[in-house]
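Colleague: can't give you the sequence, but here's the structure:
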């Protein structure tokens, strides 16, 4: 091992470093874009600054009212996402909870599974 | 957790240099310094990995389609990706007046920033990692799902119909495949008893070698669900609907050019790397050796062999190179160094195996339709992962109550009836499910393609 005789009670593997990393992650793309803005060659022409539509003249605007057909999936997704967020603590403390925790978790997941089956039977999972 | 790690070494180094590391002010400075150092390291490693992966992908696809691939720039085309990167840096950043300027610039930034942070979570060895948090497994997926916001934003801000459709598809895909992915990892967390990625890797160390890794030790089901969903999560073929080239030109990044496009490209490959690394960490034993259960034919460990075998002539007689290095050059603990080298080699080898698998899929499979994509997740993977969760809960409680490999050996002999029941439940359940699915699909297909009756 590398010499590390003087162990301290101060560790750098926790949340503060993650926070610095997040700030770095936000800063880096803007840094790259700034560098690119400085070094890139600009050669403006009128046709270059039109929206690409397979070479045809662009018609209309894409900022239209758009019917998101999969909102039912999105509702189910929120349901399941919260479920998994609840299940993770259960999985970590499984040893302490024992059989009682297992049974309660089964009932909890069962209700959600029944919900999915209900949505499936009602046709919510059919693509329109 | 092993206290001998790179961040701790950084603290130790500064203590040796005369800093008082118990002082809060110095600690803040240390956090900042280490954060910046780590981020620089990650940025360099990530870019190197991506540069290699892009070339590898082009080579693999070329071999699949019996071409040679890039071979002009540098030996074996090694500098091709670098040349492309430099070209993209100097390309004009085209932005049309119709676009939402602010969101158009923000989208690649949102897409790219979680990926770099995710690199810090990957334990390359038990010494070499960035952050080791007690909620690692959850945080990793929380962070990786941020990038889909960037895709949707890019689709909307581009003001292009192709981009809009690509962005919408990416949202639909993300909400579908996030759940089976996380539910499969739940089984891993259940067995490891911790969400810390390092603990998960350490929990997979066992006498059975590869068989004590979680792809086998839990159920192969969780692994298969995770593998499919992870391919979908990083938008690779056969799940690359957000940027389906043959339908949507380039999907959500159609309007992007220059550095912004390069950032999308970079983040996509970096995300693939991280996802493969997570597959290895959760299911393939991380840095644990593939040969853990295999004894060397000449006895001893690999490190000891490497230290004592290569001989060099010294003062007229032969001397082991490793011993000479330790004595003359004062290399401290050569065996530890070799152990670390072995671990990082296994980790990188495993990661690139999975990356190769993803590229192989790209060369082999056709793209799914949107309805097939959503249906496959909601009607197949999610029920399957829930079945898996039920089975794993019982398995953990009944077969390996103390979650140690000794009980696994005992349970194989004492719980054979249980194992049979468990196998029937899991594989029978899956079998019945697949049968029902195929029947339903067949009925639909028959109806669609049936000859019109008179």
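Modeller: Cool, the structure landed. Small disclaimer: the values here were computed from a predicted structure and weren't measured.
Colleague: Now tell me which helix or strand of chain A has the poorest mean pLDDT.
Modeller: The weakest-scoring helix or strand in chain A, judged by mean pLDDT, DSSP states H and E, is helix A:94-122 (a mean of 82).
Colleague: Any buried residues in that helix, and which?
Modeller: Buried residues in helix A:94-122, counted by 16 or more other CB atoms under 10 Å in any protein chain shown: A:94, A:97, A:101-102, A:105, A:109, A:112-113, A:116, A:119. C-betas here are computed from N, CA, C, even on glycine.
Colleague: what packs against it?
Modeller: Helix A:94-122 sits against helix A:71-92, helix B:382-398, with contacts defined as 3 or more CB pairs under 8 Å, 6 or more residues apart in numbering or on different chains; DSSP states H and E.
Colleague: Run through chain B and note the low-pLDDT ranges.
Modeller: Counting by pLDDT under 70, chain B shows low-confidence ranges at B:1-2, B:207-208, B:292-303, B:328-332, B:398-422, B:425-426, B:440-454.
Colleague: Give me the neighbour count for whatever residue of it ends up closest to chain A.
Modeller: Residue nearest to chain A within chain B: residue B:35 (2.6 Å; CB to the nearest CB). Look at residue B:35: counted by other CB atoms under 10 Å in any protein chain shown, it has 23 neighbours.
Colleague: Once you drop chain neighbours, what's closest to it?
Modeller: In space, and not counting its chain neighbours, residue B:35 is closest to residue A:20: 2.6 Å by CB to CB, 6 or more residues apart in numbering or on different chains.
Colleague: Just the buried residues of whichever strand or helix holds that neighbour, please?
Modeller: Element membership of residue A:20 [criterion: DSSP states H and E] is helix A:15-39. Residues A:16-18, A:20-25, A:28-29, A:32-33, A:36 are the ones in helix A:15-39 that count as buried (16+ other CB under 10 Å).
Colleague: Next: stretch B:97-115.
Modeller: By neighbour count with 16+ other CB under 10 Å, stretch B:97-115 contains the buried residues B:98-100, B:104-115.
Colleague: out of the helices and strands packed on helix A:94-122, which comes closest to residue B:156?
Modeller: Shortest distance between residue B:156 and those, using CB to CB, is found for helix A:71-92: 16.2 Å.
Colleague: Show me what that closest one is packed up against.
Modeller: Contacts defined by 3+ CB pairs under 8 Å, 6+ apart place helix A:71-92 against helix A:94-122, helix B:136-144, helix B:161-192.
Colleague: List the contacts of that helix.
Modeller: Helix A:71-92 has contacts (CB atoms under 8 Å, 6 or more residues apart in numbering or on different chains) with A:68, A:97, A:101, A:105, A:108-109, A:112, A:115-116, A:119, A:124-125, B:137-138, B:172, B:175-176, B:178-179, B:182-183, B:186, B:189-190, B:193-195, B:374, B:378, B:382, B:389.
Colleague: Tell me which residue in chain A sits closest to chain B.
Modeller: Closest point on chain A to chain B, by CB to the nearest CB, is residue A:20, at 2.6 Å.
Colleague: In contact with that residue, which residues are there?
Modeller: Applying CB under 8 Å, 6+ apart, we find residue A:20 in contact with B:31-32, B:34-36, B:38-39.
Colleague: which one of those is nearest residue B:320?
Modeller: residue B:38 (36.5 Å).
Colleague: where's the helix or strand where that closest one lies relative to the chain centroid, distance-wise?
Modeller: Assigned by DSSP H and E, residue B:38 belongs to helix B:24-64. Averaging C-alpha positions (CA atoms, centre = their mean, to the nearest Å) puts helix B:24-64 14 Å from its chain's average.
Colleague: Check stretch A:88-98 too.
Modeller: A distance of 25 Å separates the centroid of the chain from that of stretch A:88-98, by CA atoms, centre = their mean.
Colleague: what's the span of it, first residue to last?
Modeller: Separation of the first and last residues of stretch A:88-98 by CA to CA, to the nearest Å is 15 Å.
Colleague: hmm, the helix or strand where residue B:273 lies touching chain A?
Modeller: If you go by DSSP H and E, residue B:273 is part of helix B:258-283. Yes - residues of helix B:258-283 are located near chain A by CB under 8 Å from any CB of the partner chain, namely B:258-260, B:262-263.
Colleague: coming back round to it: now the contacts of helix A:71-92: which count as buried?
Modeller: Buried residues within those, counting neighbours by 16+ other CB under 10 Å: A:97, A:101, A:105, A:109, A:112, A:116, A:119, A:125, B:137-138, B:172, B:175-176, B:178-179, B:182-183, B:186, B:189-190, B:193-195, B:374, B:378, B:382, B:389.
Colleague: got a list of contacts for stretch B:41-54?
Modeller: If you take CB under 8 Å, 6+ apart as the criterion, stretch B:41-54 is touched by A:21, A:28, B:81-82, B:84-85, B:115-116, B:119-120, B:130, B:265-266, B:269-270, B:272-273, B:355.
Colleague: Taking these, please make a PyMOL selection of just the buried ones.
Modeller: Here is the PyMOL command that selects the buried residues among those (16+ other CB under 10 Å):
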select buried, (chain A and resi 21+28) or (chain B and resi 81+84+85+115+116+119+120+130+265+266+269+270+272+273+355)
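Colleague: Name all residues that make contact with residue A:16.
Modeller: Shown in contact with residue A:16 (CB under 8 Å, 6+ apart): B:31, B:35.
Colleague: mind checking how far it is from residue B:130?
Modeller: As for residue A:16, its distance to residue B:130 is 12 Å (criterion: CB to CB, to the nearest Å).
Colleague: cool, and residue B:358?
Modeller: Using CB to CB, residue B:358 is found at 24 Å from residue B:130.
Colleague: Kindly report the same for residue B:431.
Modeller: Taking CB to CB, one finds residue B:431 at 43 Å from residue B:130.
Colleague: are any of the contacts of residue A:20 buried, and which?
Modeller: Neighbour counting over the contacts of residue A:20 (16+ other CB under 10 Å) leaves B:31, B:34-35, B:38-39 as the buried ones.
Colleague: okay, which residue is most central for chain A?
Modeller: Centroid-nearest residue in chain A, with CA atoms, centre = their mean: residue A:81, separated by 10.8 Å.
Colleague: Model confidence for that one, exactly?
Modeller: Note on residue A:81: pLDDT of 86.
Colleague: Then residue A:7?
Modeller: We have a pLDDT of 54 for residue A:7.
Colleague: Then the one 3 residues further on?
Modeller: The predicted local distance difference test score for residue A:10 is 71.
Colleague: So it, which state does it fall into?
Modeller: Taking DSSP: H, G, I helix; E, B strand; the rest coil as the rule, one finds residue A:10 in the coil state.
Colleague: who's in contact with it?
Modeller: Residue A:10 sits next to B:11, B:21-22, B:27, B:30 when contact means CB under 8 Å, 6+ apart.
Colleague: and which of these is nearest residue B:345?
Modeller: Of these, the one sitting nearest to residue B:345 (CB to CB) turns out to be residue B:11, at 27.1 Å.
Colleague: Would you mind measuring from that closest one to residue A:95?
Modeller: Separation of residue B:11 from residue A:95 (CB to CB) stands at 32 Å.
Colleague: Likewise for residue B:378?
Modeller: From residue B:378 to residue A:95 the distance is 33 Å (CB to CB).
Colleague: same thing with residue B:315?
Modeller: Using CB to CB, residue B:315 is found at 59 Å from residue A:95.
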